[in-house]
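J.: Generate a structure from the sequence data that follows.
(2 chains)
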Amino acid sequence: MVVSKQLKKQIIIEILALIFLIAVLIYAFFAIKKNEESKITNLDGMVVVVDDTNVDKIKGLSDGEGLSLDGTTYTITNNNKNKVNYKIVLVPNVHDEKVLKQVRISTDDLYVENLIDLERLSGGYVIASSTLDSGFTDMYLIKYWYKLDSDQEVLDEDIDFEYRLVKES
Amino acid sequence: MVIVMSKKFYILLVSIMLVSVVLLGFSYSKESGKNDDNFIAEINKVNYRVVFSSDKKLNTVDNSKMEIGIINKDQKINNFALVLSEVDNKNVENVYYSLDGEPNQLLVNGIIDLGELAPYGENGDFAFHTIEISSTSNYKFNIDVQTIESKLLSNVIKRSEQVYRDDKGNERYYGEIVDNYLRYNNHLYRIIGLIDGKIKLLDTVDMGLGIYNSSDEYPTLEDYLSSFDNKLLNIEDTLNRKSWMTEKRDYWLTDITTGNVYYASDTDGVLAIGKYVDLYRREVVYLEDNYYLSNGDGTINNPYEVTYGS
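T.: The predicted structure follows:
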């Protein structure tokens, strides 16, 4: 059997196309898997997606280092017919004042504050407060870290947070 | 037999590419589509990153306020400035700015000094600022952030290799030959250092001989002992060391912690003494930390000259 030069060329192109398809399939698999790992909740028509897949154990950092973390993406969509006033509350799983005093928190890589200086609500701390029109989406990038000069005792405390949405009438 | 499959081949190839493109588009939208709503302007350079609360534009009519966050990603201290460029190349006059709610200052050369940030990984490697501009005329500015060599006199002092930081955080000139001359109000001074947030000067011209006068302010014992080496020296060691503060005239020193008085001498060293002898009286003057270098290199022939404010 004689294989023409043209067929050889076609086979090579076809193999390359198949490799490309396999690469796309792998990318699609991980992209969809990552998306599915995001926590999605629905509260009275407010759809919240929390993506903290790249958040590691909290560490003692300078503000610059803390702001260079990946952080948590918090996306909120208003599927109600009316606009909604809301607050996002960060509820720590640790209640030791000594530990909480050392936590720095940032929103959108711009505002950096001590956690305990934020408004208290529903057992947590208000990190964002806004109004969302019907059909619109807000997104926040949230990062937290311990102050650089925190004691080892504080650094050993693996604090975690629950995100709570509070709708206001 | 020669095999040619061109039609089937092209159908298969197109099918594979179509499936790939659809999959790619779908997965990309799943992964990154949610980021679309949150636009914040930023500058991301190797040695610093700036995040803006809005796009990098300001105008004096209806968009006069902006918030920015700066991270110094460098391993050294950097001084940052906000640079405002008039969009229409108008000649900018009488534009005022308020930085972090401070009183208005006149905008000069379109530059607002934002101060220094510590090296990356240290406390103080990030700063947040609010900037508000105002004018009776209508100006539109593009905004940029750049690193600049600060001309704030206190930063010039901090950058000097003839200065060290003592254990109280004060910056002090030390050593025998020191370029710390400053001409101010037609007087030639020498800069002792940045002490308690103020620039402390020592007049090169004395007020003549006289007994100790508690209403005058003389250099302190600490100022003198810190001027020899990059640490606080013991009184007994001064004769064996060199300092720019040692002179051929014996002059008054004050110990602010004990209230005792001393005199500095190039032959006797530092000695405690009673208040009722005649020694040279050298005046100490303070400048607020709001003076900018306008000229000079600090040498005796070309002393620093300063202007108030930027």
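J.: Sketch out the strands for chain A, chain order is fine.
T.: Secondary structure of chain A (DSSP state E): strands located at A:2-3, A:39-43, A:46-51, A:60-61, A:72-78, A:84-92, A:103-107, A:111-114, A:120-121, A:124-132, A:137-147, A:161-168.
J.: how about these in a markdown table, adding mean pLDDT and distance to residue B:270?
T.: No exception for glycine: its C-beta is placed from N, CA and C like everyone else's. What follows is the strands of chain A, written out as a markdown table (pLDDT from 0 to 100; distance: least, Cβ to Cβ, whole Å):
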| stretch | mean pLDDT | distance to residue B:270 |
| --- | --- | --- |
| strand A:2-3 | 64 | 100 |
| strand A:39-43 | 82 | 70 |
| strand A:46-51 | 92 | 66 |
| strand A:60-61 | 96 | 44 |
| strand A:72-78 | 94 | 60 |
| strand A:84-92 | 95 | 56 |
| strand A:103-107 | 96 | 47 |
| strand A:111-114 | 96 | 46 |
| strand A:120-121 | 94 | 57 |
| strand A:124-132 | 94 | 56 |
| strand A:137-147 | 95 | 42 |
| strand A:161-168 | 90 | 59 |
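J.: can you tell which of these is closest to chain B?
T.: For these, proximity to chain B was assessed by Cβ to the nearest Cβ; strand A:137-147 is nearest, at 4.0 Å.
J.: so what's residue 144 up against?
T.: Chain wasn't specified; assuming chain A. Contacts for residue A:144 (Cβ atoms under 8 Å, 6 or more residues apart in numbering or on different chains) come out as A:58, A:66, A:103-106, A:115, A:161.
J.: right idea, wrong chain: chain B
T.: For residue B:144, the contact set (Cβ under 8 Å, 6+ apart) comprises B:43, B:56, B:82-83, B:85.
J.: do residue B:57 as well
T.: By Cβ under 8 Å, 6+ apart, the contact set of residue B:57 is B:63, B:87, B:140-143.
J.: Please check the residues you listed and keep the buried ones.
T.: Buried subset of the contacts of residue B:57 (neighbour count, 16 or more other Cβ atoms under 10 Å in any protein chain shown): B:140-141, B:143.
J.: I'd guessed residue B:201 sits against residue B:286; true?
T.: Yes: Residue B:201 lies in contact with residue B:286 (Cβ atoms under 8 Å); the separation is 7.2 Å.
J.: of the two, who's got more company?
T.: residue B:201 (22 against 14; other Cβ atoms under 10 Å in any protein chain shown).
J.: which element is that one on?
T.: strand B:198-203 (DSSP states H and E).
J.: Average pLDDT for that strand, rounded please.
T.: The average pLDDT for strand B:198-203 rounds to 96.
J.: Keeping just the C-alphas, turn that strand into CSV.
T.: Extracted as CSV, the C-alpha positions of strand B:198-203 are listed here (Å, rounded to 0.1, in the frame of the first residue of the first chain):
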residue,chain,number,x,y,z
LYS,B,198,11.1,67.2,63.9
ILE,B,199,14.3,68.3,62.2
LYS,B,200,16.7,69.5,64.9
LEU,B,201,19.3,72.1,63.9
LEU,B,202,22.4,73.4,65.7
ASP,B,203,23.5,77.0,64.9
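J.: thinking again about what came up before, quick check: the two most widely separated of the contacts of residue A:144?
T.: Using Cβ to Cβ, the pair of these lying farthest apart is A:66 and A:161, separated by 14.5 Å.
J.: Looking at those two now, which is surrounded by more residues?
T.: residue A:66 (26 against 23).
J.: Count the neighbours of residue 22 for me.
T.: I'll assume chain A. So residue A:22, with other Cβ under 10 Å, has 11 neighbours.
J.: that's the wrong chain, I wanted chain B
T.: Neighbours of residue B:22 using other Cβ under 10 Å come to 12.
J.: can you check residue B:152 too?
T.: Neighbours of residue B:152 (other Cβ under 10 Å): 19.
J.: thinking again about what came up before, which one of the contacts of residue B:144 has the most neighbours?
T.: Neighbour max across the contacts of residue B:144 (other Cβ under 10 Å) = residue B:82, 24 neighbours.
J.: List the residues that contact the nearest residue to that one once chain neighbours are set aside.
T.: If the residues on either side of it in the chain are set aside, residue B:82 comes closest to residue B:112, at 4.2 Å by Cβ to Cβ, 6 or more residues apart in numbering or on different chains. By Cβ under 8 Å, 6+ apart, the contact list for residue B:112 reads B:81-82, B:84, B:97, B:99, B:131, B:310.
J.: and residue B:112, what element?
T.: With DSSP H and E as the criterion, residue B:112 is inside strand B:111-117.
J.: longest helix of chain B?
T.: helix B:6-32 (DSSP state H).
J.: by contact count, what packs against it?
T.: With contacts taken as 3 or more Cβ pairs under 8 Å, 6 or more residues apart in numbering or on different chains; DSSP states H and E, helix B:6-32 sits against helix A:5-37.
J.: between the helix it packs on and helix B:6-32, how many degrees?
T.: 20 degrees (axes from the mean of the first three to the mean of the last three Cα atoms, to 10 degrees).
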